Structures are given as structure tokens and as C-alpha cells.
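In: sequence and predicted structure below; questions after.
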Amino acid sequence: MKKFIFSVVFVIFMFSCSFFGATLKVEGEENFNYKKYENTVILTKMREFGKTLVENAKQEVKDLQKEGVKLDGPKMIISSNEYKDKGINSIVFNIFKSIYGANNQNIIKVFHTNDKGEEISWQNILKLDSADKKKELAKKMKEKLKSFEGLFTEDNVIDEQLAEYLENPKFYLEAEKIVFLLEAGTVGPYSRGFIEEEFYFNDLIEYLNQDTFPEIKKELEKLAEQKAKIEKERAENKAKIAARKNTDGKKYVALTFDDGPSPKTTPGLLEILKKNNVKATFFVLGKNVSAHPEIVQKEIEEGHEVGSHSWDHPALTKLKDAGVKKQIQDTDDALKKAIGKEATLLRPPYGAHNKRTDNIIKKTILMWNVDSMDWKNRNVEKNIETTMKQVKDGSIILYHDIHQPSVDTIDSLIKKLKAEGYNFVTVSELLKMGGHEDLSKKVCSGEFDCHDY
């Protein structure tokens, strides 16, 4: 009997140890010991951060155990990398913490320093000293995030997360780029992992701290001149539009379709457009043109306009110069084979472009001002509602001819727009109505807006 009781007590003791006595397993704690920075301010700060991080996690484990919570192997994994550019060393700590159940956490901490180990604050690198600057940068980041898969789809969630993120942004500099680090769970579910969103240094020049980068002064002056020129062009555009309205009095829009041609959906769309006597503009992928040249031929035969949307839909800003050139040239070659001419218009995938890519592309960059969100809605009623909320005279409307619900939307949308007095033209026709005869080296969007790139 005593032997039996001892056995039961022993089992209970062992169970209690595994149930309540789990200890935190820490991997990579040595990463906080960068010996090259021995006896420097930055190493002291890194070690203090590491010590506090681990101690807090251990205390969290103890507190949960006191509450009787079962912990199954709590752990913390720490990794680090160092990046260098522009005389700034960025030491990035990426921490995975799993204490309780599915309540995992990704923590990213970045220390900026010079070779002497002196700390450089992020404010010494980026100058986000106004609400407007933060909004502008958030808008740029949001636009680029459209090229990432598996993120949150609610615009207001992304907006809120980016606004909070830019109060204390985490990033590193490397190879003429600034790479923003967004922790898992920031703009996508935790399972998506952390995000690295990179921008070329020159693309963010207006957000850099001139005291740290005095060499950008001339570039900032050029940028200010360019912005003033764009504002002047926009004012002139408005005057032209007003003059046109006074003589014409009609409202015009351009329907545009991306990502085709598709043998399953584009022929049906062409029938709808023909039935309604509407001309549209198609921004095609080179690989689809190569596979289905007869559909592009029909688009041209029926009076539609065809532009390029790259070969296979990458974010062009992520490619090197040679990669951008290949995307454009391969698509032009496919178009020339199919319809005898290259594209003069290009819509960059995800809307991602910058001065570098524009000057490589050497075509009119065609954006939009009405996003139907058809790729997300996949619903006729939602597509129409989203479109009608935004449409104005001069709108360039974005749809995709590869989704059946999008094609199913168009007949009803055309009838609704016609009922409200809108007329349909191709993009080039629309822009000429706004007084833009020469579209070379221009970036154009809706409401007759074009400016030099």
C-alpha cells in the first residue's frame, strides 16, 4: 500500500512539474553581444534591451504558472543581422516569442549606429516631422503593399496600422535602399510572417534628414521644382477641363481592363462592349498575349485600345534595370507579333512605379482614379456600388477581364453610367479631351490629369 501511495505521489509530482513548472527556453541570446562594439554606447543599449526582454518573458512565464495556466514549452528565439549603407550600421533583432498557446509574438528591434558605436536615432535618418509627411509616406507604403499576397484586405485596418507604425518605424539601410520591417500581425495575419518593404533611397529623398545626408540638398531642390511644375500642370489641366466643359457640356469616362486576355472571360466581355457600342482600353500581360494573340487581334479589330501591363505582373520597382527592360520588351515583342505594333501606354502592375522605372519604360504611364476593387469584391452589386461612389467626369475606371463577376458587372455598369449622362471613350481619347496631345514621358491618371515623369 505504501509503495502504491508513493507511486501515485511521484506521478502527481512529475505531472505538476511538466504542467506548471515549464521554464522558458531561450535560443540566440548571445546575439546581443556584438563584440566589435565592445565598450561602446550601442553595445550597452543592445545588452540592456536583451536582458530586459528575456527577464520580462521569464516573469510572464512565472505569472502564468501562478495562475495555474498550462504552458507547453515556452520559448524565445532570437536572431540578428547587421546591414550597412551611407555610413550607418543597422543591427536588426528579429525575435519570435511563444509563451502560451497560439498567442505568439514577433518583435523586431533595430539599433542604428556608426563604426564608433555611437547611437543614431531613427529620427536622424528619417524626418517625419509633420502629419502630412507621415500620411504621404503611409500612402506610398500602402500602395506598394498591394503587390504582397496574404495581407489584410480592409483598407481602414492597413491605414490604422501604418499610421501607428510610422510613429516608431523599424528599418535598415542597404544597397541604396531603405527596407521597412513590419512585424508579423501588423498588416497581415501572424501566419503571414514579418514583411520587408523596400524603397530605393532616392525614392524617399523627401523623407530623409538633410542634416545626416547633406548630399541630398540639391536633389531636394530639384524635387521641390518638380512638385511646383506638377502643381502648375494640374492647374493648367483644370483650366482646360473647365474650358472644355463650357463648350462641350458632356461627361466622359474610360473603362480599362487589366491582366488579360483570358479565353474564358475576355471574349464575353468583348460581346458586351460591342452590344453597348462602348470602346475600352485593355492593359494586357505579355504572356497572355503570346498564348492568345487572336483575342488581342479582336480587341483591335473592334476599335479598342491595347496597352502593356508587363509580361507576368511583377512589381517593377522591385526589379533591377535589366529585369524591368525585359518585362517591357518581351511584352512589346508579343504585341508586335500579334497586332503589328508595340504598346505606347503602360499600366504598372499594382500601380508600382517610380522615376527610375518610368525612364526605363519610356512609355506613357497610365494610372487610374476609380478602383472598382473587383478583384476583391467578386460580386456584381458591390462592384457597381464601389465604382459609382467614385466616378466623375474624366474618370479612368479600373477593372480586370480575368474574373467572371467583373465581366458580369459591365453591362449593368454601362447602362447605369449612360443613364447618368456619361459617354465612353478610350484612355488616349479621354486624355486628348483634357488637352494632352503629346503623352510622351507622362504619368497620367483620372480627371484628365497628366504630368511629366
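Out: Looks like it came in fine.

In: and stretch 49-64, what's buried?
Out: Within stretch 49-64, the residues that count as buried by 16 or more other Cβ atoms under 10 Å are 50, 53-54, 57-58, 60-61, 64. Placement of C-beta: from N, CA and C, glycine included.

In: which one of those residues is nearest to Gly249?
Out: Proximity to Gly249 was ranked across the buried residues of stretch 49-64 by Cβ to Cβ; first place goes to Leu53, at 66.8 Å.

In: please identify which helix or strand holds that closest one.
Out: With the criterion set as DSSP states H and E, the secondary-structure element containing Leu53 is helix 41-66.

In: which secondary structure elements does that helix contact?
Out: When contacts are defined as 3 or more Cβ pairs under 8 Å, 6 or more residues apart in numbering; DSSP states H and E, helix 41-66 packs onto strand 75-85, strand 88-98, strand 104-113, strand 119-120.

In: on that earlier part again, need the max-distance pair from the buried residues of stretch 49-64.
Out: Gly50 and Leu64 (21.7 Å).

In: report how many residues lie close to the nearest residue to Ser79 once chain neighbours are set aside.
Out: By the measure of Cβ to Cβ, 6 or more residues apart in numbering, the closest residue to Ser79 outside its immediate chain neighbours is Asn94, 5.1 Å from it. The local packing count at Asn94 equals 20, with neighbours defined by other Cβ atoms under 10 Å.

In: residues touching Asn94, list them.
Out: Contact criterion Cβ atoms under 8 Å, 6 or more residues apart in numbering gives 78-81, 106-108, 194 as the residues in contact with Asn94.

In: returning to that earlier point: adding distance to Ala224 and mean pLDDT, write the helices and strands packed on helix 41-66 out as CSV.
Out: Written out in CSV, the entries for those read as follows (distance: least, Cβ to Cβ, whole Å; pLDDT from 0 to 100):
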stretch, distance to Ala224, mean pLDDT
strand 75-85, 25, 95
strand 88-98, 25, 95
strand 104-113, 27, 96
strand 119-120, 26, 96
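
In: out of the ones you listed, which gets nearest to Asn354?
Out: Set against Asn354 and scored by Cβ to Cβ, the helices and strands packed on helix 41-66 come closest in strand 75-85, at 18.4 Å.

In: identify the bridge partners of Thr281.
Out: Listed beta-bridge partners, Thr281: Thr256, Glu305 (assigned using DSSP bridges).

In: from what I can see it touches Val253, true?
Out: No. Using Cβ atoms under 8 Å, Thr281 makes no contact with Val253, being 11.2 Å away.

In: isn't Arg47 up against Asn31?
Out: No. Counting by Cβ under 8 Å, Arg47 does not reach Asn31; the two are 10.7 Å apart.

In: so for these two, which residue has more residues nearby?
Out: When Arg47 is set against Asn31 and neighbours are counted by other Cβ under 10 Å, the residue ahead is Asn31, at 17 against 14.

In: wait, a strand at that one?
Out: No. Assessed with DSSP: H, G, I helix; E, B strand; the rest coil, Asn31 is helix; it does not lie in a strand.

In: pretty sure it contacts Ile78?
Out: Yes. Taking Cβ under 8 Å as the definition, Asn31 is a contact partner of Ile78 at 5.2 Å.

In: if we can go back for a sec, the more surrounded of Thr281 and Val253?
Out: More crowded of Thr281 and Val253, by other Cβ under 10 Å: Thr281, with 25 against 21.

In: what strand or helix carries the spatially closest residue to Lys298 that is not a sequence neighbour?
Out: Of all residues not flanking Lys298 in the chain, Leu270 sits nearest, at 6.1 Å (Cβ to Cβ, 6+ apart). Assigned by DSSP H and E, Leu270 falls within helix 266-275.

In: other SSEs contacting that helix?
Out: Applying 3+ Cβ pairs under 8 Å, 6+ apart, we find helix 266-275 packed against strand 251-258, helix 293-301, helix 404-419.

In: mind redoing it with 7 Å?
Out: Packed against helix 266-275, as judged by 3 or more Cβ pairs under 7 Å, 6 or more residues apart in numbering; DSSP states H and E, are the following elements: helix 293-301, helix 404-419.

In: using a markdown table, lay out the ones you listed together with mean pLDDT, mean neighbour count and distance to Phe201.
Out: Putting these into a markdown table (pLDDT from 0 to 100; neighbours: other Cβ atoms under 10 Å; distance: least, Cβ to Cβ, whole Å) gives the following:
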| stretch | mean pLDDT | mean neighbour count | distance to Phe201 |
| --- | --- | --- | --- |
| helix 293-301 | 98 | 17 | 39 |
| helix 404-419 | 98 | 18 | 38 |
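
In: which one of those lies nearest to Gly68?
Out: Nearest to Gly68 among the helices and strands packed on helix 266-275 is helix 404-419 (51.3 Å), distances taken as Cβ to Cβ.

In: got the angle for that closest one vs helix 266-275?
Out: For the pair helix 404-419 and helix 266-275, the angle between their directions (axes from the mean of the first three to the mean of the last three Cα atoms, to 10 degrees) equals 10 degrees.

In: sweet, I'm off.
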